[in-house]
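Undergrad: pasting the sequence and the predicted coordinates here, then a few questions.
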Amino acid sequence: MRRSEVDRSKLSPMMQQYMDMKDNYEDCIIFFRLGDFYEMFFDDAILVSRLLELTLTGKQAGLEERVPMCGIPHHAYAGYVNSLVDMGYKVAIAEQMEDPKQTKGMVKRDVIQVVTKGTRLDEAIDAKNNNYIANIYDFEYCYGVSFADISTGEVYVELIDGEADKIIREVVKNGFREVIVNDKINREIVDILRTKHNVLITILSDLNEDSNYEYIYKDLEDERLVFTLKHLLNYIIETKKGDLHHLQKAVTIKSFEFLEFDINTKKNLELTETLRNRERQYSLLWLLDKNRTAMGSRFLKHNIENPLTNKKEIERRYDFVERLSTEFILRDDLIHELDNVYDLERLIGRITYGNLNAKDLLQLKTSLKSLPNIKDILEKLHFDKSIDTLDEVYSLLEKTICEDAPFTLHEGHLIKAGYNSELDELKAISSGSKDFILQMESEEKTRTGIKNLKVGFNKVFGYYIEVSKGQTHLIKEEYGYERKQTLANAERYITPVLKEKENIILGAEEKIINLEFKLFMDIREIVKRYASKIQRISKVISEVDMLQAFSIVSDSNKYVRPVLTTDKVIKMIDSRHPVVEQVMKDKYVANDIMMDKTTNVLLITGPNMAGKSTYMRQCAINVIMAQIGCFVPCKSCTMPIFDKIFTRIGASDDLVSGESTFMVEMKEAEYALSEATENSLILFDELGRGTATYDGMSLAQAILEYIHDKIKAKTMFSTHYHELTSLENDLKHLKNVHVSAIEENNSITFLHKIKNGAVDKSYGIHVASLAHLPDSLIKRADEILNIYEKKNVKKQVFTQTSLFEKDENEVEEKKNKIEEEFKKINPLEMTPMEALNFLYNLKKEVKKH
Ligand code: ADP
Ligand code: MG
């Protein structure tokens, strides 16, 4: 039975309440609180029972048929919500807003929050990653983008000019998993984001303004930014409902302040995860993440994705990294203190929003305790930012919160003795009365002479006196025992004195629990007022933590401080690929990357497996490391600050969109050529490989010429078209380099050493033989290669290598002579012996060559 088919007038009042609620939350699965369960009905029940393998039952709701229903126990709801949210659903949690015991008629229910991919706040979100929710506002000539991490309170805005393509790149690059859009948006964008990138999209155009949160956008100058941000806030407020004052003032992102690159570059360079299995291990992030706090790790990731372009700011970081390395004892102290700092950003988020527990405040306390020492160390290190120490918050928490407080807030035992006199009195009453009960047990034993008499407690009857069946005859009327419950082998009694004490104890306990909860909430309110201060402290700690990580990594791997120049010169001496080096250790061969003022393009040739791709990648990774303020894996490094990096490395088909490798390749090239400036870095790895030789080679050459003449960006271009190396003669800013290999006994050894000039031979077939393809196959490939080389040379129009000329003569000569011999003979007239002789001579002839 579906919800839409139901005659609502026949429904029970509770089910009508459900239907009304569902009208407002059509796109959510409603978890409808019924006593100890959250229930789902109708289509939700059918769907969820299938998704989570729950039993589908039914509920009488006034209709002939029962309404489909499934449910989960209220205390276990979090896991179920997480699973559904992970699958891309939105879950609305509807609570009972009144105590059913004290309500006549139907209990009021309301949605207290909606949980979605981008707005979740549970423990399941990854501490080392930001979880953003974004709004894209399509102004038809540009896009306003705003995004926030509700768990940390960070809020950003930016404007994106240009085509749909660009906005999609932006969403993918930032890893947005949930996006709100206005209804004017180009539907193509929605489709691509949904289907190709698995982004949860909500189309929403109404705007209910909430002036409570004006502080977030009031300093923004551009109205378009305010507009997109208001839409984002609107959605967040509607879904989260709680107090969101931990959201910080919006930060405007200006793209020129950061080194730009797109998601492909991020993937190709394996910045945050590896290409092969998308794991963090063996990425640049993995290598550099020696952070001690989750905040530091997130900040590092953010930096790797957004390196800086401001020379002063980058050098400020170098200075501090350098100082940490010199003052390594202070650095050790710092590390020790950072180890005590919890995820302050997320703690303050939970404290403000309200889904906190005592553990959160205890973690805050432990973190605050370290602040005076951290402040002190930072001063000694002359760090240019200082932190507040919030001593008053620390001492408040120290005074109040029990060290072993339970997980829930409704069991008491939250607040320490000595903080609140009313609470202390109640506790004295409660424990005094408990002593009285014990005392009473022993007194009653003596009075009645019943040795195994017990005083006990249960939830239904409260306190009672228990006497085993064999002893009940010893109870005299004058004792005043009143029988309350009969068990198989015992009777339970109460007395007026016992009931009187019970009232006091239970009354006190209930009061204690309520009072502790209230005191706890008051403390939370006080801490909340420090939210923005704590956020400021978090920022400083994140940065310090990241720089301490840089210092540690740089020391242990012998990285050097880069020299940033305004000349267009790259001079990386003995540079390495930091991650490959970790894996290979001493075997890694360091290489110079040299481009002087007049060299913009390095054309890299060399056999497969020689190290061309690694060489190119290591250049870009060195640049990124340098621009986040880290030292670099070189003996010395001079480089300019780059504005953008473009890469086309490797050839992977974009299966989802059904585009061929070649199409993807050309699109990437187009993107680079249209966006690059003379301050950019371009890496093109074997561009043009995906199409026929002449197509590919011509395109590669045209692209090289275009970059050389028009863009003038620093470019590394590897190719297997040796013909292109002759371009060096015509293009004066292009330089040939090659990776050599030595060939011995028909096998090949890679030296991984980059040298000037062009390579003259492709070793593809040798590499194949190293991979143990069958000998006969390798031989055949050699033959085919000979033929091809001959053909190629004939068609060669614009450039030649000496190798090919030599080859051509050899092959021609050999072929002519053998052909002539063959023409002379007639096999039908030969004896077997003559044929054998002929073959023998022929073989000798071939051998000579
Ligand atoms: P190409 O792009 O020329 O085919 P790659 O850059 O993919 O070659 O490198 C092939 C392999 O050679 C890498 O997987 C790596 O193990 C090794 N390699 C590359 N560069 C170096 C180097 N500088 N020192 C040592 N080994 C290297
Ligand atoms: Mg390669």
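TA: Thanks, I have it. Ligands and ions are numbered 1, 2, ... in the order given.

Undergrad: okay, now the unreliable bits of the stretch 251-400 of the chain?
TA: By pLDDT under 70, the stretch 251-400 of the chain contains no weakly predicted segment.

Undergrad: repeat that for 90
TA: Applying pLDDT under 90 to the stretch 251-400 of the chain flags residues 254-256, 262-264, 275-278, 353-357.

Undergrad: mind listing the helices for it?
TA: 263-268, 284-288, 294-305, 311-326, 328-338, 344-353, 358-380, 391-400 (DSSP state H, counting those that start in this stretch).

Undergrad: chain center to the first one: distance?
TA: The reference is to helix 263-268. Per CA atoms, centre = their mean, to the nearest Å, the displacement of helix 263-268 from the mean C-alpha position of its chain is 14 Å.

Undergrad: cool, and the longest one?
TA: Relative to the chain's own centre, helix 358-380 is displaced by 26 Å; criterion: CA atoms, centre = their mean.

Undergrad: which elements pack onto that helix?
TA: Applying 3 or more CB pairs under 8 Å, 6 or more residues apart in numbering; DSSP states H and E, we find helix 358-380 packed against helix 328-338, helix 344-353, helix 391-400, helix 496-528, helix 531-557. In short, each C-beta sits where N, CA and C put it, glycine included.

Undergrad: helix or strand next in line after the helix or strand bottoming out on mean pLDDT in the chain, which one?
TA: Lowest by mean pLDDT, DSSP states H and E among the helices and strands of the chain is helix 802-824, with a mean of 60. The first helix or strand that comes after helix 802-824 along the chain, using DSSP states H and E, is helix 832-848.

Undergrad: in that next one, what counts as buried?
TA: Neighbour counts over helix 832-848 (16 or more other CB atoms under 10 Å) mark F838 as buried.

Undergrad: low pLDDT regions in the stretch 501-650 of the chain?
TA: Along the stretch 501-650 of the chain, the parts satisfying pLDDT under 90 run over 501-507, 509, 585-587, 606-610, 648-650.

Undergrad: let me have the helices and strands packed on helix 358-380 in TSV, extended by mean neighbour count.
TA: Shown next, in TSV, are these (neighbours: other CB atoms under 10 Å):
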stretch	mean neighbour count
helix 328-338	17
helix 344-353	24
helix 391-400	16
helix 496-528	16
helix 531-557	21
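
Undergrad: nearest to ligand 1, of those helices?
TA: Of all these, it is helix 531-557 that lies closest to ligand 1, at 15.2 Å by CB to the nearest ligand atom.

Undergrad: could you point out the helix or strand that follows the closest one?
TA: With DSSP H and E, the next secondary element past helix 531-557 is strand 563-564.

Undergrad: partners of that next one in the sheet?
TA: Counting by DSSP bridges, the strands paired with strand 563-564 are strand 636-639 (parallel).

Undergrad: quick one: contacts of the strand it pairs with?
TA: With contact meaning CB atoms under 8 Å, 6 or more residues apart in numbering, strand 636-639 is reached by 560, 562-565, 569-575, 622-623, 626.

Undergrad: likewise stretch 160-177?
TA: For stretch 160-177, contacts defined as CB under 8 Å, 6+ apart pick out 117-118, 129-134, 136, 142-143, 145, 147, 179, 186, 188-189, 192-193, 197-200, 262-263, 266, 305.
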